[in-house]
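S.K.: coordinates for the following, if possible.
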Amino acid sequence: MKKLITFIGLALISNSLHAQGSPDYGSGLKINLNQQGDKYVRFILWDQFWLRNTQMNPGSMVGGEPTDNSWSLGNRRLRTLAYAQISKRYMILAHFGINNQTFINGGGSGTSGTGGYGNGKKPQLFFHDAWNEYAVFLPGEAGKFTLSLGAGLHYYMGLSRMTMASTLNFLTVDSPIFTWPLIDNSDQFARQLGMFAKGKYGKLEYRFSLNKPFATDLTPVNVTDPAKAVAVDNNGNPNFSKAGYVEYQFLDEESNVLPFKVGSYLGTKKVFNLGAGFYHQKDGTRTSVNSAIEKHDITLVAVDAFADIPLGNAKNKMAVSAYAGYYNYQFGPNYVRNLGIMNIAASDPNFTGSKAIAGVGNLQPTIGTGNIIYAFAGLDRKSVV
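M.R.: Purely as a prediction, here's the structure:
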C-alpha cells in the first residue's frame, strides 16, 4: 500500500517539465544543410539523474553490508539522438547512450572491485535506435494518406502509446516498465531489428512492423505437474514478430516524424486519442513437463486512451493530462518477470528471515501472463525558470 500511495502522489503532483511538444523545446540543436532548411541534421541530448531512497526487500545488502534502506545517486538515462533529413523523402536516425549507472553497478562489461574499472564505472555506450526511413507518400501527394517505410533497429514496437513513449517527458517520474514487455530479453532496450511502415489517413495514425527478435535461451524448470509449469524466454531460432498500433486523434493531430509519444504538451496542443495495438511472436517461450518441451506463443494486446487538455490562459502553459490502458499479456503458463530499476542490492547469504518471492533490493513482479489496467492523471505546468 505504501508503494501504491507513493505512486499516486507522484502521478498527481503538479509537474514542472519541458515537453517535446512545448515551443521552448523547439527543434533541439539543428544544423541546416541548405538555405531552405528542409535538409538538416538535428541533435537532442538529455540526462536524467536520480536521487533515490529505496526501502529494500528482506535479505538485501549493499556493498557487502546488510541493509533494509539505502540512498543512491545514478544516471537513469544519458542519451544522444541525431537524425539527418538528407532529402525531403529520406531520413537516417541514430540514438545512443547509457542507462542505469549507479555508484555500485551499471558500469562497463567486466567492471568490478576497486580501481579505474571498479564497480559502476565507465558504462558502455550502445545504440538504442539506428534506422533508415523513406517517405513513399508525403502529405498532400495521396489525399489524406501518408506512408513511410523504414528498416533497422527501431522503436515501432506496436502495442500501446506507452510502449513507444518518449523518455523526455513522462508525466509520472518514469515508465511503469511493464509497457515494455520484452525489455532486454528478446529486444534491445525496447527495440528490435526489423522493418516498419507508418503514416496517417486523416486523423487515423498507424504503425506496423515485422521484426526478428533477439534470441533467448533460458532453460525451463522441469516439472511433473502441468499446472506448475513455468514458461521462460527461449525462442531458439526466433520466428519473426509482428507488431502494430493504430490510434484515432479526435482533436489536434500529433507529429509522427519520430516514434516517441509525448507525455504532455503543456497546453500547446489539445489532444484526445483512442488507440489499440498488438505484438505477436510464435514459439517465444518454453515449458518442460516430464522432460517434454512445449513451446508457447507470445501474444500481447492493448487498448488505451490519452488526453492532454489546456487549462486557463495559453500563456500559463497549463494542462490536465491523463492516460488509461488495458493490457492482456499471454507469454505462456505462469510466466512472470521480477524487475528492479537500478537495483543496487545483492543477496545477504547470512540472512535467515523470510524473503520476498521477487528477490532482494527493489525487485518486484513487473511483467507476466495476465491482465493489467494502468491509469494516471495529473495537472502540469511550464516551469517559471
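S.K.: give me the pLDDT value at the spatially closest residue to residue 294 that is not a sequence neighbour.
M.R.: Leaving aside its sequence neighbours, residue 294 sits nearest to residue 287 (CB to CB, 6 or more residues apart in numbering; 5.1 Å). (Each C-beta comes from the backbone N, C-alpha and C, glycine too.) Note on residue 287: pLDDT of 98.
S.K.: do the one 10 residues further on as well
M.R.: Confidence at residue 297, expressed as pLDDT, is 99.
S.K.: same check, this time on residue 15
M.R.: Note on residue 15: pLDDT of 36.
S.K.: shouldn't the residue nearest to residue 294 be in contact with residue 333?
M.R.: Yes: look at residue 287 against residue 333 with CB atoms under 8 Å: they come within range, at 6.2 Å.
S.K.: which residues do the two both contact?
M.R.: Common neighbours of residue 287 and residue 333 (criterion: CB atoms under 8 Å, 6 or more residues apart in numbering): 229-231, 296.
S.K.: got TSV for these, with secondary structure, distance to residue 112 and neighbour count too?
M.R.: Output for the shared contacts of residue 287 and residue 333, formatted as TSV (DSSP: H, G, I helix; E, B strand; the rest coil; distance: CB to CB, whole Å; neighbours: other CB atoms under 10 Å):
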residue	secondary structure	distance to residue 112	neighbour count
229	coil	36	21
230	coil	31	16
231	coil	32	25
296	strand	36	21
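S.K.: for those residues, which one is nearest residue 38?
M.R.: Distance to residue 38, by CB to CB, is smallest for residue 296 among the shared contacts of residue 287 and residue 333, at 48.4 Å.
S.K.: quick one: residues contacting that closest one.
M.R.: By CB under 8 Å, 6+ apart, residue 296 lies in contact with 231, 283-287, 331-333.
S.K.: now residue 272: how far from residue 248?
M.R.: Separation of residue 272 from residue 248 (CB to CB, to the nearest Å) stands at 9 Å.
S.K.: who's more crowded, residue 287 and residue 333?
M.R.: More crowded of residue 287 and residue 333, by other CB atoms under 10 Å: residue 287, with 24 against 17.
S.K.: now for that one: which residues touch it?
M.R.: 220, 229-232, 293-294, 296, 332-333.
S.K.: go on, residue 164?
M.R.: With contact set as CB under 8 Å, 6+ apart, residue 164 has these partners: 155-157, 207, 245, 259-261.
S.K.: show me what contacts residue 156?
M.R.: 150, 164, 194, 196, 198, 207-209, 243, 259.
S.K.: so of those residues, which ones are in strands?
M.R.: 150, 194, 196, 198, 207-209, 243 (DSSP state E).
S.K.: closest to residue 347 among those?
M.R.: For the ones in strands among the contacts of residue 156, the nearest to residue 347 is residue 243 (36.0 Å; CB to CB).
S.K.: does the closest one have beta-bridge partners, and which?
M.R.: Counting by DSSP bridges, residue 243 forms beta bridges with residue 209, residue 279.
S.K.: quick one: low-confidence parts of the stretch 151-300 of the chain?
M.R.: The stretch 151-300 of the chain contains no residues with pLDDT under 70.
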